[in-house]
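J.: Provided below are the primary sequence and the corresponding predicted coordinates.
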Amino acid sequence: MTYFPEEVVEHIVDFLGSHGDRNAVSTVCKAWYQVDRLSRRSVFVGNCYAIRPERVVTRFPEMKSLTVKGKPHFADFNLVPYDWGGFAQPWIEAVARGCPGLEELRLKRMVVTDDDLELLARSFPNFKSLVLVSCEGFSSDGLAAIATYCRGLRELDLQENEVEDHGRQWLSCFPDSCTSLVSLNFACLKGEVNASALERLVARCPNLRSLKLNHSISVESLNKILARAPHLVDLGTGSFTIDNRSETYRRLINSFFKCKSLRSLSGFWDASPFCLQAVYPVCTNLTVLNLSYAPAIQSADLTKLIGLCFKLQKLWVLDCIGDKGLAVVASTCKELQELRVFPSDIYGAGITAVTEEGLVAISSGCPKLNSLLYFCYQMTNSALTTVAKNCPHFTRFRLCILEPEKPDPVTNQPLDEGFGAIVRSCKNLRRLSVSGLLTDQVFLYIGMYAERLEMLSIAFAGDSDKGMVYVLNGCKNLRKLEIRDCPFGDAALLKDVAKYETMRSLWMSSCDVTLGGCKALAAKMPRLNVEIINENDGTCESKENLSDLHKVEKMYFYRTVAGPRNDAPDFVWTL
Amino acid sequence: MELELGLALPGSDRTPELGVHGEKRASLCRKRGVDEMLGKATLPLFIRKDNDEDGDDDSRQSKHLQELNFSGSRVLVGWPPVKMWRRKSDDCGRRRANCVKVNMEGVAIGRKVDLCLHDSYQALFLTLGQMFPKKQHDGEESDAAYYKVTYEDEDGDWMLVGDVPWELSVLKHKHKKAK
């Protein structure tokens, strides 16, 4: 190999954007490892227990941006007990000691305390951006610390976190000297936020481009904010209950007329049907629209609005839009790339409003569609085959038929062929969630065709161990596999254990895996942490009394170089 | 002493068929038909683990976190796969849920009612009547008019529901009892 001086290698390596490419470079030889090590600015840790924080900090001393993820994905659906783990504290402490130049921290599904936030706020003089997604454990006190001590903060983005309201006027803690905010998102906060402090903050931050409010901010306040920040690109409204005969409403329309840069809209908490007209002035420029928090808006009003949004690329709606509404989307939104249709009636037995028809309409009208999350009442093989033909560019395809194990209602067959068509057609598919009645056959197809698949979610599917084996044998790029309520057992689990070191993690709950099987896995694979989550048996039976035949309710294992973790609660056994 | 527990509205004559953990596990392990899953007669006793006011959410006690909808039929844990945060947003509009615990005298298991979803006492009594079993008087079923609903006010006194206009009472009620 021709010799290149380090500076040249570093310069070349700098062009590499992705973490994967950087990681590959670092394995070439010691010299390249060093170059990457000292020049890496952005570090991604997909599983906080895969490596110790100190090791990351030592290896990448010039780190400016760190992303860490904690709990497994199924924690979003209440399948992981509250105190399972995923604590941010050791990470923030280690980085505070070793990388004081940190500018950006992104945490997902982790437990973050107010103390952690205070330590963060005080430890990094150049800190610019904090993004917390689906985290919990902190309160408005922690936010007050961030506001108070992070001089030069550019971004505070809180997405779907559980934040306790301690009544602290955290927003008022941004000092008058804070003029650097570019992005502020507090939509998930349940408590009151000081509206006048917010208005003053917006007024003194000329670079503010993204602002997402929570439900406590009134329309009157929104009017004042829009008057101060007509250059917003991304807006999440606050409370959107308006009387469309009022002065407030007229002023709101005027405000939106002036927002020439607005491209993305969300929020609409409490939106009443008539108030959507207020945003008509900005529709023709919108690329992102999220109406999924507005169940009171009827399909007719939704479609009138969407009918104006012909530049839309990303749309999140509730299923009350109906198949007819989706047909309007299909005929209007030719640029659509991402669609999410959420269920509006989670508990009731009422008929949900979208079926396979809506999806077929979308697929024929929106050929650029590459990302789908679709909750529906029913699906047919024929529809899926049509969708596969119309939209070969799917990278993410998540279909959730609300009733588990529901077959094709027309033919009464399983949906194996339909999903088979999807994986055959969509060569770039990276993420897939399947549902409905499915046999082992669908997994044969997935193993055969889904070569680029990285994440697969399975629920109430399959007939036997063969199904799981097809997937593990076939999907070369599989990183995350999560399974619930499927008849997969020890034979499947232990068939090819070497595979698991190529994956980030595997979750299995309510399957047929036994304690003995998990023990065997742990014994064969020392670099996996095999965790059994047993919420129920902690007090009554000691671990020794459980026989190896005992079926395990929840198993989660992940590859790691950090060894068993020391913060596991009682009900988590690491084998 | 082992307690055999079943979750069914009291007054129905389903007998609990589950024993200790091992037995229950075994029956869950083979592939279930949907009918079997959704039509099981008894369920382990659970504690609802959301905005509990008295905070007795010992995670050890809660077996499968299962939620009941208003008609009392069972819903699977974590299904449909919708983020918990989104469920909470959807439950009661964007207002905070004004959930109130209701216990009936002689009934071990209480229910929760969201006052936000009701606009009058009549509506509330209708819901309560559907949630709790009807009283038997001499072998005949009597209707909800025979119920007395009381609530505990801030002084700790038990007061009869209905004296104060509905709008005012929604703000104050925390705990109700039906007799």
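T.: Nice, I can see it. Residues are numbered from 1 along each chain as shown, chains lettered A, B, ... in the order given.

J.: How about the residues of the stretch 1-150 of chain A by chain B?
T.: Proximity of the stretch 1-150 of chain A to chain B (CB under 8 Å from any CB of the partner chain) is limited to residues A:74, A:76-79, A:81-83, A:134. C-betas here are computed from N, CA, C, even on glycine.

J.: Run a quick neighbour tally on the closest residue to chain B within the stretch 401-550 of chain A.
T.: Residue of the stretch 401-550 of chain A nearest chain B, by CB to the nearest CB: residue A:487 (4.3 Å). Neighbour count for residue A:487, taken as other CB atoms under 10 Å in any protein chain shown: 20.

J.: Wait, it touches residue A:511, no?
T.: Yes - contact status for residue A:487 versus residue A:511: in contact at 7.0 Å, counting by CB atoms under 8 Å.

J.: returning to that earlier point: pipe the residues of the stretch 1-150 of chain A next to chain B into JSON lines and attach pLDDT, neighbour count and secondary structure per row.
T.: JSON lines is the format used below for the residues of the stretch 1-150 of chain A next to chain B (pLDDT from 0 to 100; neighbours: other CB atoms under 10 Å in any protein chain shown; DSSP: H, G, I helix; E, B strand; the rest coil):
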{"residue": "A:74", "pLDDT": "95", "neighbour count": "20", "secondary structure": "helix"}
{"residue": "A:76", "pLDDT": "94", "neighbour count": "19", "secondary structure": "helix"}
{"residue": "A:77", "pLDDT": "93", "neighbour count": "19", "secondary structure": "helix"}
{"residue": "A:78", "pLDDT": "90", "neighbour count": "19", "secondary structure": "coil"}
{"residue": "A:79", "pLDDT": "93", "neighbour count": "23", "secondary structure": "coil"}
{"residue": "A:81", "pLDDT": "91", "neighbour count": "21", "secondary structure": "coil"}
{"residue": "A:82", "pLDDT": "85", "neighbour count": "15", "secondary structure": "coil"}
{"residue": "A:83", "pLDDT": "90", "neighbour count": "16", "secondary structure": "coil"}
{"residue": "A:134", "pLDDT": "96", "neighbour count": "22", "secondary structure": "coil"}
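
J.: list the contacts for residue A:491?
T.: residue A:465 (CB atoms under 8 Å, 6 or more residues apart in numbering or on different chains).

J.: quick one: pLDDT of it?
T.: pLDDT recorded at residue A:491 is 96.

J.: so it is in which element?
T.: helix A:490-494 (DSSP states H and E).

J.: so what strands line up beside the very next helix or strand once past that helix?
T.: Of the helices and strands lying after helix A:490-494 in sequence (DSSP H and E), the nearest is strand A:505-509. Paired neighbours of strand A:505-509 in the sheet (DSSP bridges): strand A:480-484 (parallel), strand A:554-559 (antiparallel).

J.: which strands and helices sit next to the helix or strand following strand A:505-509?
T.: Under the assignment DSSP H and E, the closest C-terminal helix or strand after strand A:505-509 is helix A:515-524. For helix A:515-524, the packing partners by 3 or more CB pairs under 8 Å, 6 or more residues apart in numbering or on different chains; DSSP states H and E come out as helix A:490-494, strand A:528-533, strand A:554-559.

J.: can you list contacts of helix A:515-524?
T.: Contacts to helix A:515-524, defined as CB under 8 Å, 6+ apart, come from residues A:489-490, A:493-494, A:497, A:500, A:528, A:530, A:532, A:546-552, A:555, A:557, A:575.

J.: Can you point out the buried residues in that helix?
T.: A:515, A:517-518, A:520-522 (16 or more other CB atoms under 10 Å in any protein chain shown).

J.: Stretch A:450-461: end-to-end distance?
T.: 18 Å (CA to CA, to the nearest Å).

J.: Report whether it contacts chain B.
T.: Yes - using CB under 8 Å from any CB, stretch A:450-461 reaches chain B at A:457, A:459-460.

J.: Please flag which of those residues sit within strands.
T.: The members of the residues of stretch A:450-461 next to chain B that map onto strands under DSSP state E are A:457, A:459.

J.: which parts of the longest helix belonging to chain B are buried?
T.: The single longest helix within chain B, with elements called by DSSP state H, is helix B:121-131. Within helix B:121-131, the residues that qualify as buried are B:124-125, B:127-128, B:131, counting by 16+ other CB under 10 Å.

J.: all strands in the stretch 351-500 of chain A, in order from the N-terminus.
T.: According to DSSP state E, counting those that start in this stretch, the stretch 351-500 of chain A carries its strands in the segments A:371-376, A:396-401, A:431-433, A:455-459, A:480-484.

J.: And residue A:362, what's its pLDDT?
T.: 97.

J.: which among the contacts of helix A:515-524 end up buried?
T.: Applying 16+ other CB under 10 Å to the contacts of helix A:515-524 flags A:489-490, A:493, A:500, A:528, A:530, A:532, A:546, A:550-552, A:555, A:557, A:575 as buried.
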